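Peer 1: I would like the atomic coordinates for the input below:
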Amino acid sequence: MTESVHVAHSPRFHRGPARIKLSPAACHSASVIDVVQKVVEIVGVSKQGFSEAAQDAISVCARTVRGIKWAKVTEMECKVVEDKIVEYRSLVRIYFDVEG
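Peer 2: Residues are numbered from 1 along each chain as shown. Reported below is the predicted structural model:
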């Protein structure tokens, strides 16, 4: 019997979780089964740009979360006042390992 396991890909090439089939022996491998990640979404804000807003989200999250492994910008917005961008916002999905 085999089990399906979701595998996360690099956010740069992300097309959704992949499914792989593992043999029963592989399912007992600590390197495969013992990794569990939690995902949080944080909005970062900057007056400079989207990249700085994303970094803001990660920096704020890192104050209380250890072991951040991946981040994916899922949305970008900007505030416009009198036809000028005055604020950039990045919604960032942040992945980190759950300690057990």
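Peer 1: identify the residue spatially nearest to Lys69, adjacent ones excluded.
Peer 2: Counting by Cβ to Cβ, 6 or more residues apart in numbering, Lys69 lies nearest to Tyr95, which is 5.3 Å off, once chain neighbours are set aside. All C-beta atoms are positioned from the backbone trio N, CA, C, and that covers glycine.
Peer 1: buried set for the helix or strand where Leu91 lies?
Peer 2: When secondary structure is defined by DSSP states H and E, Leu91 falls within strand 84-97. Neighbour-count burial for strand 84-97, counted by 16 or more other Cβ atoms under 10 Å, picks out Tyr88, Arg89, Ser90, Leu91, Val92, Arg93, Ile94, Tyr95, Phe96.
Peer 1: what about it, average pLDDT?
Peer 2: Per-residue confidence for strand 84-97 averages out to 96 on the pLDDT scale.
Peer 1: quickly list what the residue nearest to Lys69 is bridged to.
Peer 2: For Tyr95, the beta-bridge assignment (DSSP bridges) gives partners Val39, Trp70.
Peer 1: give me the below-cutoff pLDDT ranges for this protein.
Peer 2: Counting by pLDDT under 70, the ranges of the chain that qualify are 1-34.
Peer 1: for it, what spans make up the strands?
Peer 2: Taking DSSP state E as the criterion, the chain contains strands spanning 3-7, 18-22, 37-46, 68-81, 84-97.
Peer 1: longest helix of this structure?
Peer 2: helix 50-62 (DSSP state H).
Peer 1: packing partners for it?
Peer 2: strand 37-46, strand 68-81, strand 84-97 (3 or more Cβ pairs under 8 Å, 6 or more residues apart in numbering; DSSP states H and E).
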